[in-house]
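Student: I'd like to go over a predicted model; first the sequence, then the structure.
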Amino acid sequence: MPPVAEYDAALERMRSAGAWFDGAIAISATGVGIELGLFEALREEGAATPDALAAMLGLDPHAVQVWAMTLVHHGLLDPAGVGEVALAAGVELLVCDTRTPLYMAPLFEFHSRFLGRDFAELPRFFREGEPRPPARHGLPLVRNVAAQTAAMQEAFVAAMSSELPEAGEALAAGGLLLDAGCGAGGLGIRLCQQLPAARYLGVDLDELAVAEAKERIAAAGVAERARVEAMALEAVPHGSADAAIFFLSLHEFPPGTRLPSLVAVRQALRPGARLLVLEELYPATPLEALAERSRAAIQFQYEELLWGSHLLTRAGLDSLLREAGFTEIVNRPMLGGNVDLVLARVS
């Protein structure tokens, strides 16, 4: 029999593990409900039995019954009437209403549709160290990431003029923003919509993402001021940009390419212009990993481990920026300290 203290500690860890299993099941069930339209059906009906939901959507009745009971237990659905279920308070905003910053459907989809496949391959990655790029998930992942970051991009652009005058004033006056690792170009669309004189150049090596970005920019009606190209940062003309940004993208650059990429961005900026780096910065030690502010970075790094992503530490990013020739480096924690905005200047 183990010592009492060790036994009690094991029981506590067991309770924690139980919560982890609960979370995994709740994420899966929520993702299924979003993908199959079950939440939308309940939003329209108000309340329904699982059998009625199954008939509406052409689904297996037993599977829908299990889904409903699971999410009643986890608090996303409420009992309503005889054998019926309804959306719990607030759930509509989380999984149905795209207009609210509380909308989490893309994140649930990301975990249930993409990470499940990735996590199954992690043991191989640990043994071989050979990453599998996210491009293998194709256009669905490009669109999912665009949806995940939409609210943050909109809030960021809205705050640019008032809270980031170092870059916002130049862009509001018709300056050019260089977006390094632009993905589907959502930041550029929001920038040009909120700052009518601003110009935007997005650069990314993912041709699928660039094609999607071009379609979105054309559909948004901002193609005269926004463009996206599949090219290396070194190809951007020197001194052409009034501000530059890595919007949650620098960690995706392979470590060996980061310094030359930052140097290329510095050369693309006009003298005195600002670089903005928005990143989740990784704890430097196990002790730092205990801090609550490290939660988002630790989760983010594990999610993208198979892709070959390497998050930077605060000290690592600072050193890299200085080596690339940037000065006046300032760190501004955002979102409760879970995300850092690092500003640097071209001298």
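Tutor: In hand now; what should we look at? Just so it is clear, the structure is predicted and the values come from calculations on it, not from any experiment.

Student: and the closest residue to Phe253 other than its chain neighbours, what does it touch?
Tutor: Leaving aside its chain neighbours, Phe253 sits nearest to Ser261 (5.5 Å; criterion: CB to CB, 6 or more residues apart in numbering). All C-beta spots, glycine's among them, are computed from the backbone N, C-alpha and C. By CB atoms under 8 Å, 6 or more residues apart in numbering, the contact set of Ser261 is 180, 233, 253.

Student: got a PyMOL select line for the buried ones in these?
Tutor: A single PyMOL command selects the buried members of these (16 or more other CB atoms under 10 Å):
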select buried, resi 180+233+253
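
Student: and which of the contacts of Ser261 is nearest to Asp60?
Tutor: Phe253 (44.7 Å; CB to CB).

Student: part of a strand, is the residue nearest to Phe253?
Tutor: No - per DSSP: H, G, I helix; E, B strand; the rest coil, Ser261 lies outside any strand segment and is helix.

Student: quick one, domains of this structure?
Tutor: Here the domain parsing of the chain from automatic domain parsing is 4-103, 134-346.

Student: can you get me the start-to-end distance on the shortest one?
Tutor: For domain 4-103, the first-to-last residue distance is 45 Å (CA to CA, to the nearest Å).

Student: same check on the longest one?
Tutor: Chord length of domain 134-346, first to last residue, is 32 Å (CA to CA).

Student: now that domain: how far from the chain's centre is it?
Tutor: Here domain 134-346 is found 12 Å from its chain centre; the criterion is CA atoms, centre = their mean, to the nearest Å.

Student: give me the mean pLDDT for that domain.
Tutor: Domain 134-346 comes out with an average pLDDT of 93.

Student: now do the shortest one
Tutor: Domain 4-103 shows a mean pLDDT of 91 in the predicted model.

Student: elements contacting the lengthiest strand in the chain?
Tutor: Longest strand in the chain by number of residues (criterion: DSSP state E): strand 269-279. When contacts are defined as 3 or more CB pairs under 8 Å, 6 or more residues apart in numbering; DSSP states H and E, strand 269-279 packs onto helix 165-172, strand 241-247, helix 255-268, helix 314-323, strand 339-346.

Student: contacts only, for the residue nearest to Arg258 when sequence neighbours are not counted.
Tutor: The shortest distance from Arg258 to any non-neighbouring residue, by CB to CB, 6+ apart, is to Leu320 (6.0 Å). Remark: with contacts taken as CB under 8 Å, 6+ apart, Leu320 is in contact with 258-259, 262, 312.
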